[in-house]
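Asker: Provided below for reference: sequence and predicted model.
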Amino acid sequence: MDNRRRDFFQKSTIAAAAGMMGLSSSMAMAGTQESGHPVQGAHEMVKGLTLVSILQKDGAETLGVKTPEGILDVRAAAKALKKTAPLTLDDLLQGGDAAGLNQLIAAAKGKGSKFLVNESTITYGRLFQKPGKIVCVGLNYRNHAKEIGMQFPRVPPLFNKYNNALAAHRCNITVPPRDISYKLDYETELLVVMGKTARNVSEADALNYVAGYCTGHDFSARDLQLELPNGQWMIGKTLDNFAPIGPYFVSADLVGDPNALKLETRVNGELRQSSNTSDFIFNTQQMIAYISKHFPLQPGDIIFTGTPEGVILGKPKDKQVWLKAGDHIESTIEKLGTLQFSLV
């Protein structure tokens, strides 16, 4: 990496970490207040489940439970059985009503295929529609820092995405007009999903606040992120559909150690990234503890944890072939499934 590019990236990282932290904090409280899902009674985190989002024919994006027999359509089962249960993942996490979902699952058992659909036939909805906060950690893999010529950060560099960026498994991302951006890059990332309010938590206790994990993608416009004055990380990271997530939310108890998961990215079938979260500079516990010192992480908040080496930005300039319309991207994380999306 040439000195000019290295200096620019370093200044952009510092500016983003300083500026976006405060912005994320103020937006966090507003987002939480607007969520409309105050916690009432006992707050129980989901366990032992793999969940999906189903895009229904009426446009609603509702919860599904992955079972050996198929996907349990939570909305259909709740209506037919006259049971109260959270109908979206946001409702489940923010309301803490895992008990209600478990009761519905138990009531639906033995009813044959009445509420089950074949996963191959569903259209996936967005797993998250209105989280209070989307917090992102930049430059968090050792080998990624090395490939772009950066020193390891002293603290996790934080920035954010907005809810307009949220997108579903198998979505299409519309390529921006070239005069807006053309340096489009892939970034497969582990997504941490909070299940309890975390404020000033210790590293030793941090994982007890995690509800589960997903495969996520921090799709990036590098020219917007790094080539505008002062580095516009937010703009480069949060255009429409720049945060596809899925296909599954997997509860933390089924995943185990989040700091030992294999990650891969394929573009049009070609392997581009292959790493492991063991290469984190700041592990999951450290990220949660650090963020929670500055503002509370609340149920349903999500954390993008950084991407490993192999991104287009890390290649020599004469070998940087940016993504384009027609490309198909697959992001795979061990135990969490493969997220797919295409550029149009």
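Answerer: Received it, and whenever you're ready, just let me know what you need.
Asker: any stretches of the chain with poor pLDDT?
Answerer: Counting by pLDDT under 70, the chain shows low-confidence ranges at 1-41.
Asker: can I see the domain layout of it?
Answerer: Domain ranges of the chain: 3-34+130-343, 50-121, per automatic domain parsing.
Asker: dump the ones you listed into CSV; add mean neighbour count as well.
Answerer: In short, each C-beta sits where N, CA and C put it, glycine included. Formatted as CSV, those follow (neighbours: other C-beta atoms under 10 Å):
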stretch, mean neighbour count
domain 3-34+130-343, 19
domain 50-121, 18
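Asker: got these as JSON lines, with distance to Glu44 columns?
Answerer: Formatted as JSON lines, the domains of the chain follow (distance: least, C-beta to C-beta, whole Å):
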{"stretch": "domain 3-34+130-343", "distance to Glu44": "9"}
{"stretch": "domain 50-121", "distance to Glu44": "4"}
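Asker: what's the closest of these to Ala42?
Answerer: domain 50-121 (7.2 Å; C-beta to C-beta).
Asker: what's the separation between Ile235 and Ala60?
Answerer: 31 Å (C-beta to C-beta, to the nearest Å).
Asker: show me what the closest residue to Asn118 other than its chain neighbours is bridged to.
Answerer: Once flanking residues are discounted, Asn118 sits nearest to Gly70: 5.5 Å by C-beta to C-beta, 6 or more residues apart in numbering. Legend: beta-bridge partners of Gly70 under DSSP bridges are Thr67.
Asker: Gly70 and Leu101, how far apart?
Answerer: 17 Å.
Asker: same question, Met234
Answerer: To Leu101, Met234 is 34 Å away according to C-beta to C-beta.
Asker: do the same with Ala325
Answerer: 39 Å.
Asker: now do the helices in the protein.
Answerer: Assigned by DSSP state H, the chain shows helices spanning 3-34, 74-81, 89-95, 98-108, 142-147, 222-226, 233-237, 252-255, 284-294.
Asker: name the helices or strands packed onto the second one?
Answerer: Helix 74-81 sits against strand 61-67, helix 98-108, with contacts defined as 3 or more C-beta pairs under 8 Å, 6 or more residues apart in numbering; DSSP states H and E.
Asker: the residue nearest to Asn118 touches Gly112, doesn't it?
Answerer: No - Gly70 sits out of contact with Gly112 when judged by C-beta atoms under 8 Å, with a separation of 10.8 Å.
Asker: could you list everything the nearest residue to Val344 once chain neighbours are set aside pairs with in the sheet?
Answerer: For Val344, ignoring the flanking residues on the chain, the nearest one in space by C-beta to C-beta, 6+ apart is Asn172 at 4.5 Å. In this entry, Asn172 is beta-bridged to Ser342, by DSSP bridges.
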